[in-house]
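**Q** Test case, fold it:
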Amino acid sequence: MAWFELPTLFPIVGMALVLIVLYVVARRAWYGNSTVLQSAMVPLKESQPATISNLTDGAASTVTTMWWMYVNNWSTGSNRMVLEFGSPSTTDWQISMNATKPQLELKVGATDTFVCTANFPIQKWTMVSVVFDSGIIDVYIDAQLVQSFRQTTVTGFNTTQLKFGQGLDVALANVRRYPKESYSPHQIAAEYYKHNNRMQAVKYGLQINLTRDDQVASEWKIL
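**A** Residues are numbered from 1 along each chain as shown. Okay, here's the model as predicted:
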């Protein structure tokens, strides 16, 4: 005779299903329901990466966006757009690097321009989080709140595309968007610690050396 009876197995299976459901609910409450727009590394130095289309926000004034960013050299001689959310005809908001200092700037619509940080980290992977919550904008750098702004005019975003910049010695990775969600500080911290170790292991540049008689004859640096 088997060491268990079938009826005694039902409560165990039921308990397991309950635990799975609770885990899924708790994980969604903690991490949210994100849309990963770009997981692989995107270099902005040479050709402009392809625009990501078919985004849907449903006129939301609440949205959380996160990405990892590596600034190898900020000096370009002119202000350069890093990434931009909007539509083919309008810009909802964009992030840019200043021309004369490692300053990260946020432009919202046609009226508001804010300084996120005047000293963005150089030559390390950094997580940037921008949280729009019905007119209040919070900006986090590596899960630390660095600025909080109020929009002049609060309108719902009808975002349909993500456009990347070009001509910056910068790379982006793991771009995620949480439509209609205002992430809390502990949720942003959870995302940061979940990805930080892996991102710090990602190398921005790749160099190929051609040697002759143990001497470097030629070298090519990719990215």
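**Q** use CA for all of it now, contacts and neighbours both
**A** Noted.
**Q** Setting the sequence-adjacent residues aside, check what's closest to the most centrally placed residue in the chain.
**A** In the chain, the residue lying closest to the centroid (Cα atoms, centre = their mean) is Trp67, at 1.4 Å. Excluding the flanking residues, the one nearest Trp67 by Cα to Cα, 6 or more residues apart in numbering is Val175, at 4.2 Å.
**Q** Specify the beta-bridge partners of the one you found.
**A** Beta bridges link Val175 to Gln38 when assigned by DSSP bridges.
**Q** mind checking how far it is from Ile52?
**A** Counting by Cα to Cα, to the nearest Å, the separation of Val175 from Ile52 is 11 Å.
**Q** on that earlier part again, what strand or helix carries the residue nearest to the centre of the chain?
**A** Per DSSP states H and E, Trp67 falls inside strand 62-73.
**Q** One more: Val131?
**A** strand 125-133.
**Q** Between strand 62-73 and that strand, find me the angle.
**A** 150 degrees (axes from the mean of the first three to the mean of the last three Cα atoms, to 10 degrees).
**Q** who does the next helix or strand along the chain from strand 125-133 pair up with?
**A** Next in sequence after strand 125-133, counting helices and strands by DSSP H and E, comes strand 136-141. According to DSSP bridges, strand 136-141 forms sheet pairs with strand 125-133 (antiparallel), strand 144-150 (antiparallel).
**Q** Can I get strand 136-141 in PDB, CA atoms only?
**A** What follows is strand 136-141, C-alpha atoms only, in PDB (Å, rounded to 0.1, in the frame of the first residue of the first chain):
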ATOM      1  CA  ILE A 136       5.000  65.600  -9.400                       C
ATOM      2  CA  ILE A 137       8.200  64.300 -10.900                       C
ATOM      3  CA  ASP A 138      10.800  62.400  -8.800                       C
ATOM      4  CA  VAL A 139      14.200  61.600 -10.100                       C
ATOM      5  CA  TYR A 140      16.400  58.900  -8.600                       C
ATOM      6  CA  ILE A 141      20.100  58.100  -9.200                       C
END
